[in-house]
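A.B. asks: got a sequence here, can you model it:
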Amino acid sequence: MKQVLLRDGRAVVEEVPAPAAEAGRVLVRTAFSVLSAGTERAVLAATEGASLIDDATSPQRLRRALEILRDEGPGGVVDRIRARRAGPPEAAPGYAAAGFVQAVGRGVADLPPGTPVACAGAGYASHAEMIAVPRNLVVPVPPGVALEEAAFTTIGAIAMQGVRRAGLQVGECAVVLGLGLVGSLAAQVLRASGVIVVGFDADGTRAARARALGFDAWDLAARDPRDEVPRVTGGLLADAVVVCAASKGSEVTNLALRLCRRKGRVVLVGDVGLGLERALLYEKEIDLLMSTSYGPGRYDPEYEEKGNDYPPAYVRWTENRNMGSFLRLVADGRVRLRPLIDRVLPLAEAGAAYDLIAGAGGERPLGVVLRYPEGTARPGAPIAPAGGSPSETAAGHPVTPAVDATSAGRAADPDPIEPLPPGMATIGVALCGAGAFVKAAHLPALRAHAGFTVSAAIAATPVSARDTARRHAIPRAATRLAEVLDDATVQLVLVGTRHHLHAAQAREALEAGRHVLVEKPLCLEESEIAPILATARRVRRMLAVGFNRRYSPLTRRTREVLARLEGPLVATYRVNAGALPPGHWALDPGEGGGRILGECCHFVDLLLHLVGAPLTMVEARALPSDGNRVVRSDSFVATLGFADGSRAALVYTGLGDPGLAKERIEIFRHGTALVIDDFTSLTVHGGPGGSLSLPRQDKGIAGQWEAIARRLRGEPSDLITLEAIEASMRGTFRLDRAVRGETCAS
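C.D. replies: Numbering: from 1, shown residues only. The predicted structure follows:
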């Protein structure tokens, strides 16, 4: 599909992957979208940025480059420079559109395909032929309202929220400062509410257009508001002033204070300076109110992304209900949009549309609309919703957690797979999820390994997928895993999405006959473990989980030393994890699973790997949450017991300082002590085997890919077994229950 992108301070129309109708989303074929001059100009300017040299020589960038060199080596630096040379970041502008529902994701039942809808939200209602929008940012368009006008609904909701914040009653007087799109719509909504409206703008043309809509509206040079407002109100001044102008200075804000009566209200809708004259606020006891975009729910991921509505009894007007209310005013003819539309341009001429809003040729249009080639035709047969769960499989045989059995020379393969054809030169990898960790850790390792090529990049949004592919020279971009599973160049899928998607995407790839490396954790529900492993066994495809620390050179050396020693061991594993903000996605039980499932699975797996015996006991105590520094389950001490009598203490905290190394492991066995210091060095005290220092930190990412390559080619490999995956994941769930206070001793 085609989408408008902003790059280097200019607008271009380019081909990007189409989005998917994921759970809770509505897939819409766009008919019209509106350019908002102020917002779009700001985004356009932000894409110009600094030069590569200026950016690279800033102190912050230099410090970050040194960190990358330390952690990832020269290859990591080169890979990032290559990505930078691909060009600056692209912006996907737009937040106001209308079109027809094409498909809906799971959980959306009230918008059948073919329904005309208006859509809102930056990052969702973009200037693109197809958009996927959360349900709470979509409203049906009433009969009789043209989609060209419905595309203004987002901007109308902004105006509507400003009016609601003003709290005016029939017969009161409102002053609107700034008569652009938002101001002109706010004035009409106010009039529809029975309010007397007076408007002002620095532009005489815009003031004249407002008068044509039936308002008292003046340009600031023609009429002094300090004279005009007292005349209209009989000396009382305005009951409320709604500021819809944009200004870096504070003159507009202080003018609003002067025009407001004693104990009146000033509502800030536009972006204006806040150098307020306190005396005016104090003497008049004015209420200064902010109006946040479309209304309650805006910027709340629980409302916008997860679809949790606010009860009308407690929050009468949400952003979705504001959108619907505005459209009803349009349907009733009480708000007129046609006079505000200056230009309608086809999508192919988006560059010319941006020139218009930038003031090219001296023209300052109010409403500039993009028209889409096939968007005005009501769609026919709906396409199947995307993003659902993979097909169910027959239940596999039960798996009993046991000792980690990985070894390079095992006699019988416990997880037989179909190896790749002997003549295959490289293994094609699809990146399902192209977040920071995948780009920073996995991509450099894949590029450094001659046995792999990256064939596809899959990301949730079209622009993210395309940008990742462009920057990293990946030949294919997509927004759904299913799109690449029929690609013959893809033999392996790296699942690196957010944690709640891991289980379904791993099974989907396995069912399609692809080998899978799924980043930790494997899943967020213990009941999902057995079906995933059963699928891997049935289809005879490799399944690995990203417990990369077991492949570090330091871990391998530690295992060699421990193998020469007898008896149980005692270990301490201290993790200085760092703080996460309370609203971080990783702490969300439904999305990230919390820090134990999301990260501590690493440490459980490594301890099982080093001890070499089944887990028999888990006890834990956590610090209570304090609503500030201590977040649930992010600071605890756990004791793990193993079948051979070994014991390990896991100390995990988010309270430390980042200046301290993150991980330190101390192991004591048969008169020997081993210390792994943040995967940069291993020190062996008093036992067989030598210490080992690395030139840079190595947590085993490259070693993991080497183990995968050997496994897929049928060569001896110490890749994690399915049995070990189950033991580590079930141990992690036990730890999670123990930290929450449940008894986990066997």
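A.B. asks: from P614, how far out is T732?
C.D. replies: 14 Å (C-beta to C-beta, to the nearest Å). For glycine as for every other residue, the C-beta is placed from the backbone atoms N, C-alpha and C.
A.B. asks: of these two, who's got more company?
C.D. replies: T732 (27 against 17; other C-beta atoms under 10 Å).
A.B. asks: phi and psi next, for H502.
C.D. replies: phi -60, psi -50 (degrees, to the nearest 10).
A.B. asks: may I have the beta-bridge partners of the closest residue to it other than its chain neighbours?
C.D. replies: Leaving aside its sequence neighbours, H502 sits nearest to V518 (C-beta to C-beta, 6 or more residues apart in numbering; 5.2 Å). Counting by DSSP bridges, V518 is bridged to V495, V545.
A.B. asks: state the distance from V518 to G204.
C.D. replies: Relative to G204, V518 is positioned 63 Å away (C-beta to C-beta).
A.B. asks: the more surrounded of those two?
C.D. replies: Ranked by neighbour count (other C-beta under 10 Å), V518 and G204 place V518 first, with 27 against 13.
A.B. asks: the more buried one reaches A504, doesn't it?
C.D. replies: No - with contact defined as C-beta atoms under 8 Å, V518 does not count as touching A504 (10.6 Å).
A.B. asks: and for A673, the neighbour number?
C.D. replies: 14.
A.B. asks: ugh, wrong one, N320
C.D. replies: 24.
A.B. asks: again, but for A192
C.D. replies: Neighbours of A192 (other C-beta under 10 Å): 14.
A.B. asks: same question for V272.
C.D. replies: Residues near V272, counting by other C-beta under 10 Å: 22.
A.B. asks: which residues does it contact?
C.D. replies: Residues near V272 by C-beta atoms under 8 Å, 6 or more residues apart in numbering: 243, 245-247, 249-250, 252-253.
A.B. asks: gap between the residue lying closest to A118 once chain neighbours are set aside and F32?
C.D. replies: Counting by C-beta to C-beta, 6+ apart, T153 is the residue found nearest to A118 once chain neighbours are left out, at 3.7 Å. Distance, T153 to F32, using C-beta to C-beta: 11 Å.
A.B. asks: between the two, which contacts overlap?
C.D. replies: A98.
A.B. asks: okay, those two: which has more neighbours?
C.D. replies: Set T153 next to F32 and count neighbours by other C-beta under 10 Å: T153 wins out with 31 against 25.
A.B. asks: returning to what we had before: got a pLDDT number for the residue nearest to H502?
C.D. replies: The score at V518 is 98. That number is its pLDDT.
A.B. asks: check V631 too.
C.D. replies: V631 carries a pLDDT value of 72.
A.B. asks: on that earlier part again, gap between the residue nearest to H502 and Q3?
C.D. replies: Applying C-beta to C-beta to V518 and Q3 gives a distance of 30 Å.
A.B. asks: A707 should be in a helix, yeah?
C.D. replies: Yes - checked against DSSP: H, G, I helix; E, B strand; the rest coil, A707 lies within a helix.
A.B. asks: which ones are touching it?
C.D. replies: 544, 551, 717-719.
A.B. asks: what does T426 give?
C.D. replies: Contacts for T426 (C-beta under 8 Å, 6+ apart) come out as 450-453.
A.B. asks: what is the nearest of those to L562?
C.D. replies: Closest approach between these and L562, by C-beta to C-beta: G451, at 29.9 Å.
A.B. asks: any of the contacts of A707 buried? List them.
C.D. replies: Buried by 16 or more other C-beta atoms under 10 Å: 544, 551, 717-719, out of the contacts of A707.
A.B. asks: could you pull out the strands in the stretch 251-400 of the chain for me?
C.D. replies: 260-268, 287-290, 341-346, 367-371 (DSSP state E, counting those that start in this stretch).
A.B. asks: output the below-cut-off pLDDT ranges for the stretch 601-746 of the chain.
C.D. replies: For the stretch 601-746 of the chain, applying pLDDT under 70 flags the ranges 627-628, 632, 743-746.
A.B. asks: now do the helices in the stretch 451-600 of the chain.
C.D. replies: Counting by DSSP state H, counting those that start in this stretch, the segments of the stretch 451-600 of the chain that form helices are 462-471, 502-511, 529-539, 553-563, 594-595.
A.B. asks: give me the mean pLDDT for the second one.
C.D. replies: For helix 502-511, the mean per-residue pLDDT is 98.
A.B. asks: same check on the last one?
C.D. replies: When pLDDT is averaged along helix 594-595, the result is 94.
A.B. asks: what packs against the helix or strand just after that helix?
C.D. replies: For helix 594-595, the following helix or strand on the C-terminal side (DSSP states H and E) is helix 601-611. Counting contacts by 3 or more C-beta pairs under 8 Å, 6 or more residues apart in numbering; DSSP states H and E, helix 601-611 packs against helix 553-563, strand 570-576, strand 636-642, strand 647-653, helix 722-739.
A.B. asks: in the fourth one, what's buried?
C.D. replies: In this case it means strand 647-653. For strand 647-653, by 16+ other C-beta under 10 Å, it's 648, 650, 652-653.
A.B. asks: same deal with stretch 621-638?
C.D. replies: The neighbour-count check on stretch 621-638 (16+ other C-beta under 10 Å) flags 622-623, 630-638 as buried.
A.B. asks: which one of the buried residues of strand 647-653 is nearest to G234?
C.D. replies: T653 (66.3 Å).
A.B. asks: dump the residue contacts of the closest one.
C.D. replies: Counting by C-beta under 8 Å, 6+ apart, T653 touches 575-577, 634-636.
A.B. asks: about what we covered before: of the contacts of T426, grab the buried ones for ChimeraX.
C.D. replies: To isolate the buried subset of the contacts of T426 in ChimeraX, counting by 16+ other C-beta under 10 Å, use the following:
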select :451,452,453
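A.B. asks: from the contacts of T426, pick the one nearest P339.
C.D. replies: Proximity of the contacts of T426 to P339 (C-beta to C-beta) peaks at T453, which lies at 56.6 Å.
A.B. asks: ok, and the closest non-adjacent residue to the closest one?
C.D. replies: Among residues not flanking T453 along the chain, T426 sits closest, at 4.6 Å (C-beta to C-beta, 6+ apart).
A.B. asks: tell me how far the one you found lies from T489.
C.D. replies: For T426, the distance to T489 equals 9 Å [C-beta to C-beta].
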